[in-house]
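Peer 1: Sequence and predicted structure, then a few things I'm wondering about:
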Amino acid sequence: MSDAQRDHERLEQLLADRATEGLSGADQAELDRLLSDNPAVDPLALELAAAAAALALSEGPAQELPAHLREKVRVDAARIRPTDASMIVAAAAPTLKLAYAGWWAAAAGFAVAAVGWWWAIAPGTSGSIQSRYDRFVEQTPDLLRAEWAANVEDYAGVTGEVVWSDTRQAGFMVFKGLPANGQTQQYQLWIVDPQRDRNPVDGGVFDIVAQNGKVIVEVDPKLVVSNPQAFAITLEQPGGVVVSDGPLLIVAAPES
């Protein structure tokens, strides 16, 4: 096993331990060092996941966030972005409700099980977008694939695909030959999910700077998508729109 793999596994373990039972001073120092070496990793991702799992699983009466956990939130927030620490603590203060003291234990299994998946596919994690795409394709059991087809004559030469996972609510777009969009417009992805709404879900905006070779873009869904029937690309004003007037330039529909 390489040193990088050992550091990877150790960072996963320390994040899981901190999310479920806390760390000693020495372990926290080691975690700080590993996070410093991997700045793209979100240090609070697992703690938020553990909290969400605990709240979902708990059946006991709720109580206000204890003072020592409020302080932990403040310290962690300050470590990530000091200027926002007071805002985060204020949002998490007395209005945040937690279940009985055993909630950390209830969340432990979830946090440890989730860490490998989170590392592999979370947007913005370490590695090139090509390597993240490759890991996603290799490690996603419910992978859905759909090839782009032109819906407008000027885009007849565009090829590529969309890969998507309902379970992970994540995916990637691959393009070859998609024209550059310039400075006055941005491409926007739309995800058609009739079970959710008659209007397509915003899948994020992106830029194509040049047509040289293959371009990979991460999908950025703004809502939960459970049954995508098609993916479509439009050209919109910078920043995108809430509802598009079209036209749909290219479309990808999974095989039924």
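Peer 2: Thanks, I have the structure now.

Peer 1: Quick check: pLDDT value at the spatially closest residue to Gly157 that is not a sequence neighbour.
Peer 2: Distance criterion C-beta to C-beta, 6 or more residues apart in numbering; nearest residue to Gly157, sequence neighbours excluded, is Gly177 at 4.5 Å. Heads up, the C-betas are built off the backbone N, CA and C, glycines and all. On pLDDT, Gly177 comes in at 92.

Peer 1: Distance of Gly177 relative to Pro141?
Peer 2: 31 Å (C-beta to C-beta, to the nearest Å).

Peer 1: The two - which one has more neighbours?
Peer 2: Gly177 (18 against 7; other C-beta atoms under 10 Å).

Peer 1: how close does the more buried one get to Val224?
Peer 2: Gly177 is 31 Å from Val224, by C-beta to C-beta.

Peer 1: same thing with Ala29?
Peer 2: Counting by C-beta to C-beta - Ala29 and Val224 are separated by 38 Å.

Peer 1: do Arg198 as well
Peer 2: 16 Å.

Peer 1: Looking at those two, which has the bigger crowd around it?
Peer 2: Looking at Arg198 and Val224 with other C-beta under 10 Å, you find the greater number of neighbours at Val224, namely 10 against 7.

Peer 1: Please identify the helix or strand for the more buried one.
Peer 2: Following DSSP states H and E, there is no helix or strand that holds Val224.

Peer 1: right, and it touches Gln195 too?
Peer 2: No: using C-beta atoms under 8 Å, Val224 is not in contact with Gln195; the gap is 10.7 Å.

Peer 1: where does the chain have low pLDDT?
Peer 2: 1-5, 38-127, 211-212, 256 (pLDDT under 70).

Peer 1: If we use 80, what do you get?
Peer 2: Scanning the chain with the threshold set as pLDDT under 80 gives 1-9, 11-12, 19-22, 32, 34-127, 197, 210-213, 256.

Peer 1: Surely Asp193 touches Lys222?
Peer 2: No: with contact defined as C-beta under 8 Å, Asp193 does not count as touching Lys222 (11.9 Å).

Peer 1: The residue nearest to Gly157 and Thr20: what is the separation?
Peer 2: From Gly177 to Thr20 the distance is 48 Å (C-beta to C-beta).

Peer 1: just Pro247 next, same as before
Peer 2: Relative to Thr20, and taking C-beta to C-beta, Pro247 is found at 50 Å.

Peer 1: Fine, thanks again, bye for now.
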